[in-house]
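Asks: Structure for this input, please:
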Amino acid sequence: MKIQVPIKITAADNNARTISGRIVTYDEVAATSAGRTIFKAGSVPMIPVKLNLEHDRTRPIGMTLSMDEALENGKPVGIDATFKIANTTAGTDALEEAMSGLRDGFSVGVAVDDYETVDGAMIIKASELIEVSLVTEPAVRSARVSDVAASEEEKDSEGTEPADAVENPTQEETVENTTVQNAPAVEEAVEASTQVQANARPAFYTKPRIEVTPVKYLEQSVRATLGDHEARQYVMAADNTTDNAGLIPTRQLTEVVNGLSNLVRPSIDAISRGVLPDAGMSFEIPKITQVPTVAVTAEEAAPSDTDQNSSFVTVNVQKFAGQQTFSLELLDRSSPIFFEELMKTMAAAYAKATDARVNLLVYQNATGDATTTTTYPTAAELLGIVARGAASVYNATQRFARNMIVNTSQWANLMTLNDSGRPIYNASQPQNAGGVVRPDSIRGNVAGLDLFVTANTAQGTDTDGSILIVDPEAYTWYESPSLKLQTNLISTGQIQVMYYGYGATAVKIAGGSFHNNKA
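Replies: Residues are numbered from 1 along each chain as shown. I've put the predicted structure just below:
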């Protein structure tokens, strides 16, 4: 079991950059999240540890300079420690906060090895010291700030105590308004974790005395989500307080629902891919426009003499970009998942735009079917479209059509078609299911063609181009990595984020695709 027990510091020296105080008081009740806790003499080893801020081991500000057992009348009463504060911005801020009384408590983080429960209080007999932290809200108030050493000019020449020093509170006052954990729960926690790890962070936190209101609770919940340790303490205590039994906070889950876009790009998957050149907003691909001819040649006659000619296919590079503008307050004060989800949705929007662009170019350069259909094609009509499309593509490219791209409306129709009772659409995703139509399969096989279903097309319902038969080598998609650009607008306090990338679709052979024709 790991617990944290905060108490007040006793001195801070800005010149020497040290903070001193009692980190453990023996035989005095401490109010922790484990309930009432009492340390026995010798229960905490005096070993050098780091001084952290608010039990956050990623925010160390100092190291142990000395640690001694405090004695009264020859009897050990606690542990006094002095910490050397690092010469960092965080360390300097911590010294100022300690001297100003803003953050003037010590809290030890220990792993409990041996304890017993007496009258609902955990009596700690042995533990291991994990770390010490500078905190804002102490639970044990057996020591107060009594000196600011040479750093406070306000201290008079007679060395009197500061005006804010107060007498120790009674034990009853110390544990007031603290929820006490029952003994069985404590025993279960001890059984679950009794081993100390080198990088362990104490898991139990002090329950401060708080005033809970709906407005305050909402504010602290947002801060806690952003990683504010003090706000997390507030929320933990508020969730267990009996002072406001009628307060039922509304939880907001971290999952985000997006039914408007995804990262699937069926039209791009249905054609070939290439690497975008590293420079320029256009590039060229050599294309044979005339091949040498061979003909039957009479004896001693001149052979067929036709030169091979070529030209260049010019491919224009286009930028695909989207922008989001939001306030600095939204970034700073909202849940950390906001920015993560923003990047996901912008990436999905990028995928949708690029896939729609490819689908449009494949349709615009496709050969239209000379045979029209008046409604969604029947099984026989679909087989006719496939047959005519395969022949058209082969005639234009000297290669075979291998893929079919359809919109969601045509996909729905495909799932109803059969040939003598056998489904014409064999699903292949998410698993092979030959001869079986599955409503969760956007990939499959139709009359020997690989099927790709896209929602990223302007050819909606049963219209021209809602069925495309494609030779994938006739079209190639070239793409750069997608990038994120973030700028701050000082004049308005806003942040602009642009998600962008470069892509180009090479139409290598017009007629390398074929589309249906709606009457």
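Asks: what bridges to residue 405?
Replies: residue 452, residue 468 (DSSP bridges).
Asks: any idea how far it is from residue 413?
Replies: Note on residue 405: its distance to residue 413, by Cβ to Cβ, to the nearest Å, is 14 Å. C-beta coordinates here come from the backbone N, C-alpha and C atoms, glycine included.
Asks: Look at those two and report which has more neighbours.
Replies: The residue with more neighbours, out of residue 405 and residue 413, is residue 405; 30 against 20, by other Cβ atoms under 10 Å.
Asks: right, and that one touches residue 454 too?
Replies: Yes: between residue 405 and residue 454 a contact is recorded at 6.1 Å, counting by Cβ atoms under 8 Å.
Asks: Show the contacting residues for residue 367.
Replies: Neighbouring residues of residue 367 by Cβ atoms under 8 Å, 6 or more residues apart in numbering: 392, 393, 396, 511, 513, 514, 515.
Asks: give me that answer again for 6 Å
Replies: 392, 511, 514 (Cβ atoms under 6 Å, 6 or more residues apart in numbering).
Asks: among those residues, which are in strands?
Replies: residue 514 (DSSP state E).
Asks: Lowest-confidence entry in the contacts of residue 367?
Replies: Scanning the contacts of residue 367 for pLDDT, the low point is residue 511. It has 92.
Asks: Would you mind identifying the next helix or strand past the helix or strand harbouring residue 411?
Replies: Take DSSP states H and E as the rule and residue 411 turns out to sit in helix 408-414. Later in the chain than helix 408-414, the nearest helix or strand by DSSP H and E is strand 418-419.
Asks: what packs against that next one?
Replies: On a contact count with 3 or more Cβ pairs under 6 Å, 6 or more residues apart in numbering; DSSP states H and E, strand 418-419 meets no helix or strand.
Asks: How about residues contacting that strand?
Replies: Taking Cβ under 6 Å, 6+ apart as the rule, strand 418-419 contacts 379, 424.
Asks: Which positions within the lengthiest helix in the chain qualify as buried?
Replies: Of all the segments of type helix in the chain, defined by DSSP state H, the longest one is helix 337-364. By neighbour count with 16 or more other Cβ atoms under 10 Å, helix 337-364 contains the buried residues 339, 342, 344-363.
Asks: what do you get for stretch 311-328?
Replies: Neighbour-count burial for stretch 311-328 flags 315, 317, 320, 321, 324 (criterion: 16+ other Cβ under 10 Å).
Asks: and stretch 70-77, how far from the chain's centre?
Replies: Using Cα atoms, centre = their mean, to the nearest Å, the mean C-alpha position of stretch 70-77 is found 52 Å from that of the whole chain.
Asks: Please read the previous query as pertaining to stretch 408-420.
Replies: On Cα atoms, centre = their mean, the centre of stretch 408-420 falls 39 Å from that of its chain.
Asks: Now it: average pLDDT?
Replies: 86.
Asks: try stretch 274-282
Replies: Across stretch 274-282, the average pLDDT comes to 91.
Asks: Looking only at that stretch, what residues are buried by neighbour count?
Replies: For stretch 274-282, by 16+ other Cβ under 10 Å, it's residue 276.
Asks: Domain-wise, how is the chain divided?
Replies: 2-199, 309-518 (automatic domain parsing).
Asks: quick one, strands of the stretch 251-400 of the chain?
Replies: 272-275, 282-290, 309-316, 318-327, 367-373 (DSSP state E, counting those that start in this stretch).
Asks: Next, format these as JSON lines and append distance to residue 334.
Replies: Shown next, in JSON lines, are these (distance: least, Cβ to Cβ, whole Å):
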{"stretch": "strand 272-275", "distance to residue 334": "38"}
{"stretch": "strand 282-290", "distance to residue 334": "42"}
{"stretch": "strand 309-316", "distance to residue 334": "40"}
{"stretch": "strand 318-327", "distance to residue 334": "9"}
{"stretch": "strand 367-373", "distance to residue 334": "51"}
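Asks: Relative to residue 31, which of those strands is closest?
Replies: strand 318-327 (39.7 Å; Cβ to Cβ).
Asks: For that closest one, name the packing helices and strands.
Replies: helix 337-364, strand 494-507.
Asks: could I get the ones you listed as CSV with mean pLDDT?
Replies: Formatted as CSV, the helices and strands packed on strand 318-327 follow (pLDDT from 0 to 100):
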stretch, mean pLDDT
helix 337-364, 89
strand 494-507, 92
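Asks: how about those in TSV, adding distance to residue 90?
Replies: Converted to TSV, the helices and strands packed on strand 318-327 look like this (distance: least, Cβ to Cβ, whole Å):
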stretch	distance to residue 90
helix 337-364	24
strand 494-507	25
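Asks: nearest to residue 119, of those?
Replies: Once the helices and strands packed on strand 318-327 are compared by Cβ to Cβ, helix 337-364 is nearest, at 44.4 Å.
Asks: Distance from the closest one to the middle of the chain?
Replies: Worked out by Cα atoms, centre = their mean, helix 337-364 lies 19 Å from the chain centre.
Asks: swap in stretch 114-127?
Replies: Distance, centroid of stretch 114-127 to centroid of chain: 41 Å (Cα atoms, centre = their mean).
Asks: Ends of it, what's the gap?
Replies: With Cα to Cα, to the nearest Å applied, stretch 114-127 spans 7 Å between its terminal residues.
Asks: Now do it, average pLDDT.
Replies: In the prediction, stretch 114-127 has an average pLDDT of 85.
Asks: which parts of it are buried?
Replies: So, applying 16+ other Cβ under 10 Å, buried residues of stretch 114-127: 115, 117, 121, 122, 123, 124, 127.
Asks: can you redo those residues as CSV with distance to residue 221 and secondary structure?
Replies: Formatted as CSV, these follow (distance: Cβ to Cβ, whole Å; DSSP: H, G, I helix; E, B strand; the rest coil):
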residue, distance to residue 221, secondary structure
115, 33, strand
117, 33, strand
121, 31, strand
122, 29, strand
123, 35, strand
124, 32, strand
127, 32, strand
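Asks: Grab the most central residue of the protein for me.
Replies: With distances taken as Cα atoms, centre = their mean, residue 340 lies nearest the centre of the chain, 4.8 Å away.
Asks: In the stretch 151-300 of the chain, where is pLDDT below threshold?
Replies: In the prediction, the stretch 151-300 of the chain carries residues with pLDDT under 70 at positions 151-218, 227, 229-254.
Asks: can you rerun that using 80?
Replies: Applying pLDDT under 80 to the stretch 151-300 of the chain flags residues 151-256, 258-259, 261.
Asks: So which bits of the longest strand seen in the chain are buried?
Replies: If you go by DSSP E, the chain has its longest strand at strand 56-72. By 16+ other Cβ under 10 Å, the buried positions in strand 56-72 come out as 57, 60, 61, 62, 64, 65, 67, 70.
Asks: related to what we said a few turns ago, turn the domains of the chain into CSV, columns for distance to residue 261.
Replies: Shown next, in CSV, are the domains of the chain (distance: least, Cβ to Cβ, whole Å):
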stretch, distance to residue 261
domain 2-199, 35
domain 309-518, 4
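Asks: who wins for proximity to residue 222 among those?
Replies: domain 309-518 (6.2 Å).
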